[in-house]
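*Asks:* the sequence isn't on hand, but the structure is:
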């Protein structure tokens with residue numbers, strides 16, 4: 001069936017319409033004429049497989065990754081990078097239009113280095129295969145290199161992969177987790193039972209100056225990667241980072257943005273919204289990095305985080321950097337908010353992918369300024385819908401935190417009417 005691609009879907013798939021029916025074609029680009037075959041008919045729409053490109057788009061490029069057509073990690077490597085940035089801008093704009101019913105200006109997507117931007121990776125091990133999961137599957141695709149990971153991660157991955165194969169540990173190792181920042185690397189082997197990794201540590205430490213190795217004994221049957229007993233085998237235990245004039249540490253397990261270049265651009269933009277005499281509440285503050293950065297400009301900052309481990313990291317960051325105008329609060333955001341609700345004029349929200357939820361948004365409605373960082377445009381718009389009668393959206397900026405993927409980070413500045 002020959003069809004013309006006229007738009008993109010939420011996941012970057014090409015969209016065509018024939019006799020009022022929508023066809024969704026992964027890997028097809030706007031402006032292309034393609035031959036597609038229906039693989040799943042849903043009634044008013046269908047999912048189709050791209051069989052042949054009859055008329056290619058000028059935005060089509062050859063994917064850098066040889067595993068692109070099988071791997072589930074990236075969705076957009078066939079798309080020129082400028083087209084990726086435009087897709088993400090329009091994705092935010094269209095989602096706002098669809099859910100909120102408003103046509104609003106969205107800034108151009110802030111660009112990133114397209115490849116070698118990630119500082120953390122998780123590789124799966126199943127049977128004799130080590131690599132990433134195949135698209136829409138629990139099966140593992142064996143890979144030798146991932147172009148969106150840093151060079152250091154790819155080199156470490158090959159050393160660890162060779163060690164597993166040479167020592168016949170395929171039935172023991174479940175995942176390889178690597179974090180590498182500023183010449184410092186932490187490696188964790190997730191296993192179903194303890195195994196001696198001294199030889200692996202000796203091999204890694206002979207090549208790398210700042211390396212630490214962990215074994216994580218995870219006997220769970222689900223897809224959770226990090227769980228169970230964590231044992232330090234040798235080397236460094238944390239990665240030391242200096243950023244925004246702050247010194248802080250990151251371990252193997254704790255959250256840290258995988259794209260530091262875009263993280264910094266995002267946080268610089270957030271800082272530009274903060275008035276010097278303002279008192280700021282940072283909701284869902286995690287390990288406290290953004291709260292500490294905000295304290296450099298605001299008069300005072302409160303951070304609320306429910307995870308006790310992340311809260312402990314935030315307190316350590318505060319203590320190590322001698323920050324006086326910051327209070328980290330451990331607890332549920334909704335409950336703790338009410339204890340300090342009269343003390344601040346600006347809220348910075350940075351929730352998980354599911355968003356804040358109606359209860360939180362209704363509770364904060366009335367605060368003078370709201371700055372919302374979101375990794376999910378749908379959850380963002382559902383949250384904004386709860387308060388939009390009382391607020392004006394002053395600026396929306398997408399950030400390309402994850403190039404070559406469908407994901408986009410969005411920053412929204414709102415002011416009370």
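*Replies:* Great, that's in hand. All values derive from a computational prediction rather than experimental measurement.

*Asks:* only C-alpha atoms from now on, for both contacts and neighbour counts.
*Replies:* Will do.

*Asks:* and for residue 415, the neighbour number?
*Replies:* In terms of burial, residue 415 registers 18 neighbours under the definition other CA atoms under 10 Å.

*Asks:* that one touches residue 392, doesn't it?
*Replies:* Yes - distance between residue 415 and residue 392: 5.4 Å, which falls inside the contact criterion (CA atoms under 8 Å).

*Asks:* what mean pLDDT does the longest strand seen in the chain have?
*Replies:* For the chain, the strand reaching the highest residue count under DSSP state E is reported as strand 45-55. Here the mean pLDDT over strand 45-55 is 96, rounded to a whole number.

*Asks:* then stretch 235-246?
*Replies:* For stretch 235-246, mean pLDDT rounds to 96.

*Asks:* give the buried residues for it.
*Replies:* Taking 16 or more other CA atoms under 10 Å as the basis for neighbour counts, the residues of stretch 235-246 that come out buried are 235-239, 246.

*Asks:* for residue 182, state which of these is nearest.
*Replies:* Set against residue 182, the nearest of the buried residues of stretch 235-246 by CA to CA is residue 239 (8.4 Å).

*Asks:* quick one, longest helix in this protein?
*Replies:* Selection of the longest helix in the chain by residue count, based on DSSP state H, yields helix 81-100.

*Asks:* strands paired with the following helix or strand past it, and their directions?
*Replies:* Beyond helix 81-100 on the C-terminal side, the first helix or strand identified by DSSP states H and E is strand 120-126. Sheet partners assigned to strand 120-126 using DSSP bridges are listed as strand 129-133 (antiparallel), strand 173-181 (antiparallel).

*Asks:* correct me if wrong: residue 54 contacts residue 33.
*Replies:* Yes - checked against CA under 8 Å, the pair residue 54 and residue 33 is within contact range at 5.4 Å.

*Asks:* who has more neighbours out of those two?
*Replies:* With other CA under 10 Å as the criterion, residue 54 and residue 33 differ in neighbour count, and residue 33 comes out ahead with 20 against 13.

*Asks:* helix, strand or coil for the closest residue to residue 185 other than its chain neighbours?
*Replies:* Leaving aside its chain neighbours, residue 185 sits nearest to residue 211 (4.8 Å; criterion: CA to CA, 6 or more residues apart in numbering). Going by DSSP: H, G, I helix; E, B strand; the rest coil, the secondary structure assigned to residue 211 is strand.

*Asks:* what pLDDT does residue 211 get?
*Replies:* 98.

*Asks:* same check, this time on residue 338
*Replies:* Predicted confidence (pLDDT) for residue 338: 88.

*Asks:* residue 372 sits in which helix or strand?
*Replies:* Counting by DSSP H and E, the element that carries residue 372 is strand 369-374.

*Asks:* now do that strand: everything it contacts.
*Replies:* Under the contact criterion CA atoms under 8 Å, 6 or more residues apart in numbering, strand 369-374 has outside partners 270, 345-353, 355, 380, 409-416.

*Asks:* mind listing what's buried along the longest strand of the chain?
*Replies:* Across strand 45-55, burial judged by 16+ other CA under 10 Å covers 45-50.

*Asks:* where does pLDDT dip in the stretch 301-417 of the chain?
*Replies:* In the prediction, the stretch 301-417 of the chain carries no residues with pLDDT under 70.

*Asks:* can you rerun that using 90?
*Replies:* Counting by pLDDT under 90, the stretch 301-417 of the chain contains low-confidence residues at 334, 338, 341-342.

*Asks:* who are the packing partners of the longest strand of the chain?
*Replies:* Packed against strand 45-55, as judged by 3 or more CA pairs under 8 Å, 6 or more residues apart in numbering; DSSP states H and E, are the following elements: strand 21-25, strand 33-41.
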